[in-house]
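J.: Build me a model from this:
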Amino acid sequence: MTSTTGDAEPDDMHQRRAGSFGAAAAAYARHRPYWADAAVDWVLAPVRDRRPVRVIDVGAGTGRLTGALARHGAAVTAVEPDPAMLAELRRALPDATAVTGRAEDIPLPDGSADAVVAGEAAHWFDMDRALPEFLRVLGPGGVLAGLWNTYDDSVGWVRGLDQASDGLGSATVTRWRSQVGTAALARLGETGLFSAVEIAEFRHGHRRTADSMVATIATHSALLVMDGPERERRLAKVRAYLGSRPETGAGGFIVPLVTAVVRAIRG
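T.: All right, here's what the predicted structure looks like:
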């Protein structure tokens, strides 16, 4: 559970990017992909026999993962700091339990969760402060998991899309493995507090058109913090690439994704 970027960036830029999503909350809710069902099953498997399975979704955003966890039978509490993102979550999931809070200061009691999960969010956390909070709310034998949707760059046109977007959209699975996955295994393993720390990958897809693919990429933080002309130049480059490819140039297509998951089981 660490950053998806290879090189460290200045703290002020990291904070700007972390706080950029609220301005695009509606677009985020509309365009970001869902999670592979098998990935959600795998996250919950170690605590599946608990009734109910109490899950805290930290950095819940617009509720993509909150809804998936609920559909898998979990009793979910969504924790999200941004009011615009939280409003989208409550609009989409009016019956969900959702509270304002941060990974570094979870407003819930000790031992109140069987699982703590973060979907596309853990790389924004201050893990020195967040990890003790996760352990505080997580009961014995509980699950801590981070999930990321990544582009499957074993597919040629997807590698080209990553190049056309200058790597500013969702991370490729290759980049995730070399940067996030290995760092998360090391970070969680060295605590000595988990009986198992594992990685798994689950392939699925996201139906897009060229226009909606550009809109999806535009919801990523690196684009959100750019000035307008530079952002439009980058997105025009992506649009031109998609228009040039037979796989994506006309009508709808499926973007091949991999939901990559780090799962740790508390000892």
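
J.: Which strand or helix spans residue 115?
T.: According to DSSP states H and E, residue 115 maps onto strand 113-119.

J.: Can you give the contact residues for that strand?
T.: 1, 35, 43-44, 47, 50, 53-61, 64-65, 69, 74, 77, 103, 125, 134, 137-139, 142-148 (Cβ atoms under 8 Å, 6 or more residues apart in numbering). (Glycine included, C-beta is placed from N, CA and C.)

J.: Which members of these occur in strands, if any?
T.: Using DSSP state E, the members of those that fall in strands are 54-58, 77, 138-139, 142-148.

J.: and residue 34, how far is that from residue 52?
T.: 22 Å (Cβ to Cβ, to the nearest Å).

J.: Residue 172: neighbour count?
T.: If you count neighbours by other Cβ atoms under 10 Å, residue 172 ends up with 20.

J.: Neighbours of residue 86, how many?
T.: Residues near residue 86, counting by other Cβ under 10 Å: 23.

J.: what's the following helix or strand after the lengthiest helix in the chain?
T.: Using DSSP state H, we find that the single longest helix of the chain is helix 228-244. Using DSSP H and E, the helix or strand that directly follows helix 228-244 along the chain is strand 253-266.

J.: For that following strand, which helices and strands make contact with it?
T.: helix 37-44, strand 138-151, helix 182-189, strand 194-208 (3 or more Cβ pairs under 8 Å, 6 or more residues apart in numbering; DSSP states H and E).

J.: please redo it, this time with the cut-off set to 7 Å
T.: helix 37-44, strand 138-151, strand 194-208 (3 or more Cβ pairs under 7 Å, 6 or more residues apart in numbering; DSSP states H and E).

J.: Just name the most buried of these.
T.: Burial of the helices and strands packed on strand 253-266 is given as mean neighbour count (mean count of other Cβ atoms under 10 Å); strand 138-151 ranks first at a mean of 22.

J.: May I have that strand exported as CSV, CA atoms only?
T.: The C-alpha trace of strand 138-151 is given here as CSV (Å, rounded to 0.1, in the frame of the first residue of the first chain):
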residue,chain,number,x,y,z
LEU,A,138,-9.1,-4.0,12.6
GLY,A,139,-10.1,-7.0,14.7
PRO,A,140,-8.0,-10.2,15.1
GLY,A,141,-7.7,-12.2,11.9
GLY,A,142,-9.0,-9.2,9.9
VAL,A,143,-8.1,-8.3,6.4
LEU,A,144,-6.3,-5.2,5.2
ALA,A,145,-6.5,-4.8,1.4
GLY,A,146,-5.7,-2.3,-1.4
LEU,A,147,-7.1,-2.6,-4.8
TRP,A,148,-6.1,-0.9,-8.1
ASN,A,149,-7.5,-1.0,-11.6
THR,A,150,-4.6,-1.1,-14.0
TYR,A,151,-4.3,-1.3,-17.8
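
J.: Name the surrounding residues that touch that strand.
T.: Outside strand 138-151, the residues that touch it by Cβ atoms under 7 Å, 6 or more residues apart in numbering are 1, 4, 33, 35, 39, 43, 46-47, 65, 111, 113-120, 122, 134, 158, 162, 170-173, 176, 180, 184, 257-266.

J.: before we move on, the earlier item: nearest approach to residue 214 belongs to which of the helices and strands packed on strand 253-266?
T.: With Cβ to Cβ as the criterion, residue 214 lies closest to strand 194-208 of the helices and strands packed on strand 253-266, at 9.1 Å.

J.: distance between the closest one and the chain's centre?
T.: 11 Å (Cα atoms, centre = their mean, to the nearest Å).

J.: just stretch 212-222 next, same as before
T.: Chain-centre distance of stretch 212-222: 14 Å, with Cα atoms, centre = their mean.

J.: mind checking the end-to-end distance for that stretch?
T.: 18 Å (Cα to Cα, to the nearest Å).
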